[in-house]
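# Give me the fold of what follows.
(one chain, ligands or ions: 2)
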Amino acid sequence: TNAVIKDVLGGQFAVGETVSVRGWVRTRRDSKAGISFINVHDGSCFDTVQAVVPNELNNYQSEVVKLTTGCSVIITGAVAESAGKGQAFELQATDVKVVGWVEDPDTYPMAPKRHSMEYLREFAHLRPRTNISGAVTRVRHCLAQAVHRFFHERSFYWISTPIITTSDAEGAGELFRVSTLDMTNLPLTEQGKVDYKEDFFGKEAFLTVSGQLNVETYACALSKVYTFGPTFRAENSNTSRHLAEFWMIEPEVAFADLEDVAKLAEDMLKYVFKAVLEERADDMAFFAERIDKEAISRLEHVIANDFVHMDYTDAVEILQNCGKEFTYPVSWGTDLQSEHERYLAEEHVGAPVILKNYPRDIKAFYMRQNDDGKTVAALDVLAPGIGEIIGGSAREERLDLLDQRLDEMNLPKEEYSWYRDLRRYGTVPHAGFGLGFERLVAYVTGVQNIRDVIPFPRSPNNAEF
Ligand code: 4AD
Ligand code: MG
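Numbers count the residues shown, from 1 in each chain. Ligands and ions are numbered 1, 2, ... in the order given. Now for the predicted structure:
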């Protein structure tokens, strides 16, 4: 089989057993005694396996001593206990087959020295083979599996919501248009506007910014559901926490209120943190050693403690009185910037914090109005080092109040008619939230830039591969 390095290092093979490792050379070292030590990785785990290659092999001089970083090889040999530090097992090679050479080792940009993350993003063939990319990729996989398992164990159903849509789920206008029209010869209406009736869907269509509105229809039928898929936002924010294409996990629960989903968010985060500590101890040890020394202890702390809840109104007071100079001043009614979110999570609480009951006027049209007439039943989970990782709310299930919000925000009611129908036929209180998957991966690994926790980042001026 492929990916046997994990099994070799994990002691799954008996000493003396012959195995073939297929992978890529990370390093080669030759001893004076005529033995080469070749470290090979196959991505199955963080570590490389060391193959000890004796000079008796036929191709020792012609090939083995010419191997460089990145060459692909199949090395066959007997599993042996290793005398070297850091690994329990190694291979006593009896055959080394070179599958693919590296054309020009001097230009293969993976020298043992470390490259910047920005630099690595320019090389599609190289980036996935680095230690950090391998570790991120395995952690990402583990987190995604744990998310599905968490919801499955709690009897949630996974709903695939559409990627192409005609509605703006957040009402924020950050949409990528999807069209088959000829941009150089657009059909026009009598008023001189682009005539989307002529377009593929007979209407202006977009990539989705959130599956929430769609998944609400299923929550109001199957009770507990969630989405997990790609979402797209044309925010022109060139920051370390925004992507134009990111994945979102959006649970939605019928007959639930804000407190119910706050608890759900806490349980879910603890569940996936536990999973990653148990299942990816190798990669997490790497992050703790090389990227962020608190990568493991931070998660352990979150798992062991109750989340702190705080009202937006109290948070504003804390920010105003903390004595810290912020770039953006805070007053009741303003949206919090990442510097404020990070202060609250990092310095005030020292752990993730759930902020609740935001001013109505800075939040989306669908959020449920509180009785005070000024706030909505919204929540954000703010995490140290990153700020908002989750945004959610109770949904306005009362048609008259929903319509009032749509009008106030100048959103066309007819575009949301199917959504409004949910409030007309057996409406029910319901609530949910959205977790940005890449922000979760960044939080877990300590990787600073969100672009480095997704295989193919999409950001302004960047969609090449
Ligand atoms: O707070 P947001 O905009 O909420 C929604 O989209 C709701 N419909 C969710 C719901 O209630 N079902 O986005 C949710 C989360 C944010 O907290 C953040 O983690 C992430 O999505 N997010 C982004 N992640 C990366 N790049 C971007 N441009 C992001 N925008 C939001
Ligand atoms: Mg938000």
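# Would you check that residue 301 makes contact with residue 351?
Yes - counting by C-beta atoms under 8 Å, residue 301 touches residue 351, with 6.3 Å between them. (C-beta placed from N, C-alpha, C; glycine too.)
# Between these two, tell me which one has more neighbours.
The neighbour comparison of residue 301 against residue 351 (other C-beta atoms under 10 Å) goes to residue 351, with 18 against 14.
# near ligand 1, which residues of the protein?
169-170, 210, 212, 233, 235, 242-243, 246, 248, 250, 388-393, 432-434, 436, 438-439, 450 (C-beta under 6 Å from any ligand atom).
# Please point out which parts of stretch 153-169 sit buried.
156, 158, 159, 161, 165, 167, 168, 169 (16 or more other C-beta atoms under 10 Å).
# Likewise for stretch 310-327?
Those would be 310, 312, 315, 316, 318, 319, for stretch 310-327 by 16+ other C-beta under 10 Å.
# Can you list which of these are found in strands?
residue 310 (DSSP state E).
# For the chain, give the strand that spans the most residues.
Max-length strand for the chain by DSSP E is strand 18-31.
# and that one, average pLDDT?
Here strand 18-31 scores 96 as its mean pLDDT.
# Paired strands for it, with orientation please.
strand 35-41 (antiparallel), strand 72-81 (antiparallel) (DSSP bridges).
# Tell me which helix or strand comes right after the longest one.
Right, strand 72-81. As assigned by DSSP states H and E, the chain's next helix or strand after strand 72-81 is strand 89-100.
# swap in the shortest one?
Following strand 35-41 in sequence order, the next helix or strand is strand 49-54 (DSSP H and E).
# for that next one, packing partners?
helix 5-9, strand 35-41, strand 72-81, strand 89-100 (3 or more C-beta pairs under 8 Å, 6 or more residues apart in numbering; DSSP states H and E).
# would a markdown table of those with mean pLDDT be doable?
Formatted as a markdown table, the helices and strands packed on strand 49-54 follow (pLDDT from 0 to 100):
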| stretch | mean pLDDT |
| --- | --- |
| helix 5-9 | 95 |
| strand 35-41 | 97 |
| strand 72-81 | 98 |
| strand 89-100 | 98 |
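# how about those in a markdown table, adding distance to residue 16?
Conversion of those to a markdown table gives the following (distance: least, C-beta to C-beta, whole Å):
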| stretch | distance to residue 16 |
| --- | --- |
| helix 5-9 | 13 |
| strand 35-41 | 19 |
| strand 72-81 | 6 |
| strand 89-100 | 9 |
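# a markdown table for those, including mean neighbour count and distance to residue 367?
Shown next, in a markdown table, are those (neighbours: other C-beta atoms under 10 Å; distance: least, C-beta to C-beta, whole Å):
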| stretch | mean neighbour count | distance to residue 367 |
| --- | --- | --- |
| helix 5-9 | 21 | 46 |
| strand 35-41 | 20 | 47 |
| strand 72-81 | 18 | 53 |
| strand 89-100 | 17 | 55 |
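# Which among these is found nearest to residue 118?
Of all the helices and strands packed on strand 49-54, it is strand 35-41 that lies closest to residue 118, at 23.1 Å by C-beta to C-beta.
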